[in-house]
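A.B. asks: requesting a structural model of the entry that follows:
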Amino acid sequence: MPKLRRPHVASPDEVKITRNGDTAVFEYADPKVATTHFTVGAEKLATMNDQELLDFWNQSIEATDEFMRNQKFTLTEIPVGKPQVEYHDQSDQWVPRGHVVRAVIMTDCAIEPDLDEVFVAIDDRDFTLREFFKMVGTFGGWGMRIAFVGDEDTHEQPKIKVREPKEPKKRSGKRGKAKTG
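C.D. replies: Below you'll find the predicted structure:
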């Protein structure tokens, strides 16, 4: 299921507004945009028409967007040699201690040729893909970037160039022709 897009400033023809108790429900005509239950308060909601609600909603979206643009968020990376993940009994899962996780992608086919399962090694512990995705699921709704580096370089910030990948070189078809008879 693809992630729904964040709601945006809308015009009256882009959104359907319904009321439910102290909540205004904003359902976008575009099904790829998340429907939002916006708590206004029963008394205030009762005094507002749809245009006033939409204006209030759009002001909220604009304020949130402005706030996010002005954030100077610094990611936390756990120092090399310190545990990057920890187990939480309450949720019965491993969780990252910071915002950056250094890991090595492993396959066990080199060890046991009949098996072909990929797993992820973090802090000398092997996580199945299911365990790994359950762990990163604690950041549900966040974005993620994955940079593939050598297994000895996971602690280094790689140089990144934004561009299309280079096309593989085409071989000329002038290899020797088989002689027929």
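
A.B. asks: could you point out which element follows the longest helix anywhere in the chain?
C.D. replies: Determined from DSSP state H, the single longest helix within the chain is helix 50-69. Remark: after helix 50-69, the chain's next helix or strand is strand 85-88, criterion DSSP states H and E.

A.B. asks: may I see the buried residues of that following strand?
C.D. replies: Buried residues in strand 85-88, defined by neighbour count with 16 or more other Cβ atoms under 10 Å: residue 85. Heads up, the C-betas are built off the backbone N, CA and C, glycines and all.

A.B. asks: ok, the next helix or strand after it: who's next to it in the sheet?
C.D. replies: The first helix or strand that comes after strand 85-88 along the chain, using DSSP H and E, is strand 93-96. Next to strand 93-96 in the sheet, as set by DSSP bridges, lie strand 85-88 (antiparallel).

A.B. asks: neighbouring contacts of the strand it pairs with?
C.D. replies: Under the contact criterion Cβ atoms under 8 Å, 6 or more residues apart in numbering, strand 85-88 has outside partners 93, 94, 95, 96, 97, 101, 122, 123, 125, 135.

A.B. asks: domain parsing of the chain, as residue ranges.
C.D. replies: Split into domains by automatic domain parsing, the chain comes to 12-69, 85-139.

A.B. asks: name the helices or strands packed onto the lowest-mean-pLDDT helix or strand in the chain?
C.D. replies: Across the helices and strands of the chain, mean confidence by mean pLDDT, DSSP states H and E is lowest for strand 104-107: a mean of 86. When contacts are defined as 3 or more Cβ pairs under 8 Å, 6 or more residues apart in numbering; DSSP states H and E, strand 104-107 sits against strand 118-122.
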